[in-house]
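Student: Pasting a predicted model and its sequence here:
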Amino acid sequence: MFVREPELGAVKTRLTPALGADGATALYSAFTEDLCAALSRRLPLALACSPATQSPYFDRLQRRYGLILLAQGAGDLGARMERVAAAALTRASRVVVVGSDTPTLSAERVEQALRWLRRRHVVLGPSLDGGYYLLGLRAPLPGIFRRMPWGSDRVLGRTLARLRTEGVSCRLLPCGYDIDTPADVAVLQRHLAVLATLGQSPCPRTRRVLMRLGEAGRPA
């Protein structure tokens, strides 16, 4: 899982105008903790850390959840993903890469991706913003990481086109989303409300932060 240390003003900056720097940072930290708790119970989990692995924050997560810490290293998102995925594939036959801003992502969804990787070279979780929230690989594929318009709505389409060109088999998970903007936070709140109606209560830390932000008078 790709994680950035939740330094004030350095994470989820597009949420800052609506939530304030404190609110954006607290929400991102809650995302990370919820995902660590949900995934580490059922899966071997490694954190790809930025800006460095040496920090009290990452040390605490490692102790609490029994995680492996890896350095993302330098470069754009593609270079860092390529590096981390290649390193993980020296330890395992299949690897799933996710971000730390998808708090409702379940261990079951990741396990599904790992099962599908027995018969496919790549598994992708399409995101509503035109990217992807999950990438599964069973071998290094540098071509899907380089010269990619990261952060745009063309990432998923361009990735699928490159896989077709290279003749690489791919399977798609159900659509999901990550949290970058106030509109994404609104989607998250609606999703959590529906899940509560169904008797499900994932990401408890995220729900508490959203409630606290709402009580503070900021748009949650």
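Tutor: Arrived safely. Numbers count the residues shown, from 1 in each chain.

Student: mind listing what Leu89 touches?
Tutor: 95, 137-140 (C-beta atoms under 8 Å, 6 or more residues apart in numbering). C-beta: built from backbone N, CA, C; applies to glycine.

Student: Can you say which of those are buried?
Tutor: 95, 137-138, 140 (16 or more other C-beta atoms under 10 Å).

Student: nearest to Leu172, of these?
Tutor: Of all these, Leu137 has the smallest distance to Leu172: 14.4 Å, by C-beta to C-beta.

Student: does that closest one have beta-bridge partners, and which?
Tutor: With DSSP bridges as the criterion, Leu137 is bridged to Val95, Val122.

Student: do you know how far Ala18 is from Val3?
Tutor: Separation of Ala18 from Val3 (C-beta to C-beta, to the nearest Å): 23 Å.

Student: Could you check which of these two has the larger neighbour count?
Tutor: Val3 (26 against 17; other C-beta atoms under 10 Å).

Student: And the pLDDT for the more buried one?
Tutor: pLDDT for Val3: 96.

Student: gap between it and Gly23?
Tutor: Distance from Val3 to Gly23, by C-beta to C-beta: 19 Å.

Student: for Asp76, same thing?
Tutor: Following C-beta to C-beta, the distance that separates Asp76 from Gly23 is 28 Å.

Student: who's more crowded, the two?
Tutor: Counted by other C-beta under 10 Å, Asp76 and Gly23 do not tie: Gly23 has more neighbours, with 22 against 14.

Student: What strand or helix carries the more buried one?
Tutor: For Gly23, the host element (DSSP states H and E) is helix 16-40.

Student: what residues does the helix or strand following that helix touch?
Tutor: Per DSSP H and E, the first helix or strand lying C-terminal to helix 16-40 is strand 46-50. Residues from elsewhere that reach strand 46-50 (C-beta under 8 Å, 6+ apart): 1-5, 36, 55, 58, 61-62, 67-72, 80, 84, 88, 97.

Student: In strands, which of the residues you listed appear?
Tutor: Those of these mapping onto strands are 2-4, 68-71, 97, per DSSP state E.
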